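A.B. asks: turn this into a model:
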Amino acid sequence: MMQASGIYLRVGLLIVGGIGLLVGLIWFLSGARITHGELFESYFSESVQGLEVGATVKYRGVTIGRVTEIGLVSAEYGYNQPINLERNTYRLVFVRYAVDTKKIGQMPDTAEAVALGLRTRLASQGITGLSYLELDFVDPARYPAQDVPWQPKVTYIPSMPSTFSQVQDAAQQVLAKLNRVDIDTLSTQLNGLLSDLRADFGKGDVHQTLAEAVALLRTTGEAVHAADLPGLTAEIRHTSTALRDTLQGDQMQKLLTNAGVAADRLAAAATKLPPLIASVEATARRAGNGTSDVEQGLVPLLRDMQATAQNLREMTDSLRRYPAQVFGQPPPRGTAPAR
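C.D. replies: Down below sits the predicted model:
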């Protein structure tokens with residue numbers, strides 16, 4: 001009897017636990033934990049695979065809300081609207097989510113936050129494939145807000161492509177560029193280029209340049225070997241040592257000292273030169289004045305000497321012609337001179 005009552009007790013506890021887990025799951029998925037929530041919605045042009053109702057909404061890793069509804073824009077806002085396949089806005093997916101304002105604190109104005117770059121994007125939780133919504137601020141110029149032709153039922157926050165979508169778009173662009181490349185022509189050109197390079201390396205200018213470079217290296221090696229660099233280095237080291245010893249020797253120090261003394265004396269003599277030059281100039285000036293006076297005295301004397309020389313010249317000429325003038329009167333004619 002006691003065993004039967006124990007079995008019933010365990011079964012009852014199992015049923016009550018199952019009912020509690022079911023209620024908790026329903027409460028979790030329905031977002032009933034959000035008691036101070038505000039509804040927002042965003043629109044996505046990419047697939048929302050992996051995002052389910054009850055998924056978390058995070059802001060920089062912090063859970064602030066839950067997803068409450070997922071659907072197609074064409075079913076939510078497309079009634080009584082003409083079918084226009086060119087309008088991509090009706091191909092979007094809308095996601096509504098409740099954000100717990102109590103976890104955020106003082107909320108700024110949504111329009112101002114959107115203008116500053118508040119955006120929503122899909123994010124994946126590791127390798128499980130489950131997705132969640134992430135709110136963050138980005139560059140509004142790079143990810144501009146998308147205008148929609150309908151009036152959103154709740155506050156609208158623009159979305160931005162997910163990281164996976166951006167990588168996928170970049171890969172598709174790369175593949176599209178690769179598809180536009182003519183692989184056959186490029187392969188032919190590469191083969192031709194390799195052939196030209198092979199021929200050039202074999203017999204062309206490159207081969208000749210390499211040969212000349214090898215010969216130059218060989219000649220340089222021989223010159224270095226013949227130059228006896230170790231011996232030259234030793235001689236340079238010895239010369240440097242001798243020069244250092246000479247510069248640091250007593251004679252060099254005496255020579256430098258004497259040179260300093262001579263420089264001082266030369267400077268002292270240079271200071272005495274201006275008065276000496278002035279004295280010499282004064283003496284030369286006085287000598288010039290004396291020379292002028294001597295010249296003024298010598299001019300009449302030279303003039304008289306010139307006149308006297310002229311008179312002597314005339315007298316000499318007269319005596320040469322008339323030598324008797326020396327005796328006063330000429331001797332009588334016919335009188336012979338005494339023997």
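
A.B. asks: so, low pLDDT: which residues of the stretch 101-250 of the chain?
C.D. replies: For the stretch 101-250 of the chain, applying pLDDT under 70 flags the ranges 126-129, 165, 168-169, 172, 227-228.

A.B. asks: quick one: the helices in it, in order.
C.D. replies: With DSSP state H, counting those that start in this stretch as the criterion, the stretch 101-250 of the chain has helices at 101-104, 110-116, 163-180, 183-203, 205-226, 229-248, 250-321.

A.B. asks: just send those helices back as JSON lines, with mean neighbour count too.
C.D. replies: Using the backbone N, CA and C atoms, a C-beta is placed for each residue, glycine as well. Below are the helices of the stretch 101-250 of the chain laid out as JSON lines (neighbours: other CB atoms under 10 Å):
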{"stretch": "helix 101-104", "mean neighbour count": "14"}
{"stretch": "helix 110-116", "mean neighbour count": "13"}
{"stretch": "helix 163-180", "mean neighbour count": "11"}
{"stretch": "helix 183-203", "mean neighbour count": "10"}
{"stretch": "helix 205-226", "mean neighbour count": "10"}
{"stretch": "helix 229-248", "mean neighbour count": "10"}
{"stretch": "helix 250-321", "mean neighbour count": "10"}
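
A.B. asks: out of those, nearest to residue 63?
C.D. replies: Using CB to CB as the criterion, the shortest distance between residue 63 and these is 7.8 Å, found for helix 101-104.

A.B. asks: helices or strands up against that closest one?
C.D. replies: Counting contacts by 3 or more CB pairs under 8 Å, 6 or more residues apart in numbering; DSSP states H and E, helix 101-104 packs against strand 62-72.

A.B. asks: now the strand it packs on: mean pLDDT?
C.D. replies: Averaged over strand 62-72, pLDDT sits at 92.

A.B. asks: could you do stretch 40-48 as well?
C.D. replies: Averaged across stretch 40-48, the pLDDT comes to 91.

A.B. asks: first to last residue in that stretch, what's the distance?
C.D. replies: Using CA to CA, to the nearest Å, the end-to-end distance of stretch 40-48 comes to 17 Å.

A.B. asks: can you give the contact residues for it?
C.D. replies: 70, 73, 88-89, 91-99, 110, 120, 122, 131, 133, 146, 148, 152-159, 161-162, 165 (CB atoms under 8 Å, 6 or more residues apart in numbering).

A.B. asks: and residue 41, that's in a strand?
C.D. replies: Yes: under DSSP: H, G, I helix; E, B strand; the rest coil, residue 41 sits within a strand.

A.B. asks: ok, it - how many residues close by?
C.D. replies: 21 (other CB atoms under 10 Å).

A.B. asks: likewise for residue 134?
C.D. replies: Residues within reach of residue 134, counting by other CB under 10 Å, total 19.

A.B. asks: ok, residue 58 next?
C.D. replies: For residue 58, using other CB under 10 Å, the count is 16.

A.B. asks: for the residue lying closest to it once chain neighbours are set aside, give me its contacts.
C.D. replies: The shortest distance from residue 58 to any non-neighbouring residue, by CB to CB, 6 or more residues apart in numbering, is to residue 134 (5.3 Å). By CB under 8 Å, 6+ apart, the contact set of residue 134 is 57-60, 120-123.

A.B. asks: quick one on the thing from earlier: among the helices of the stretch 101-250 of the chain, which is nearest residue 50?
C.D. replies: Closest among the helices of the stretch 101-250 of the chain, using CB to CB: helix 163-180, at 10.3 Å.

A.B. asks: with just CA atoms, put that closest one into PDB.
C.D. replies: The C-alpha coordinates for helix 163-180 follow below in PDB (Å, rounded to 0.1, in the frame of the first residue of the first chain):
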ATOM      1  CA  THR A 163      27.500  40.800 -41.100                       C
ATOM      2  CA  PHE A 164      26.800  37.500 -42.900                       C
ATOM      3  CA  SER A 165      24.700  39.300 -45.500                       C
ATOM      4  CA  GLN A 166      27.500  41.800 -46.100                       C
ATOM      5  CA  VAL A 167      30.100  39.100 -46.500                       C
ATOM      6  CA  GLN A 168      27.800  37.200 -48.800                       C
ATOM      7  CA  ASP A 169      27.200  40.300 -50.900                       C
ATOM      8  CA  ALA A 170      30.900  41.000 -51.100                       C
ATOM      9  CA  ALA A 171      31.500  37.400 -52.200                       C
ATOM     10  CA  GLN A 172      28.900  37.600 -54.800                       C
ATOM     11  CA  GLN A 173      30.400  40.800 -56.200                       C
ATOM     12  CA  VAL A 174      33.800  39.100 -56.300                       C
ATOM     13  CA  LEU A 175      32.300  36.100 -58.100                       C
ATOM     14  CA  ALA A 176      30.500  38.400 -60.600                       C
ATOM     15  CA  LYS A 177      33.800  40.200 -61.300                       C
ATOM     16  CA  LEU A 178      35.600  36.800 -61.800                       C
ATOM     17  CA  ASN A 179      32.800  35.700 -64.100                       C
ATOM     18  CA  ARG A 180      33.500  38.800 -66.300                       C
END
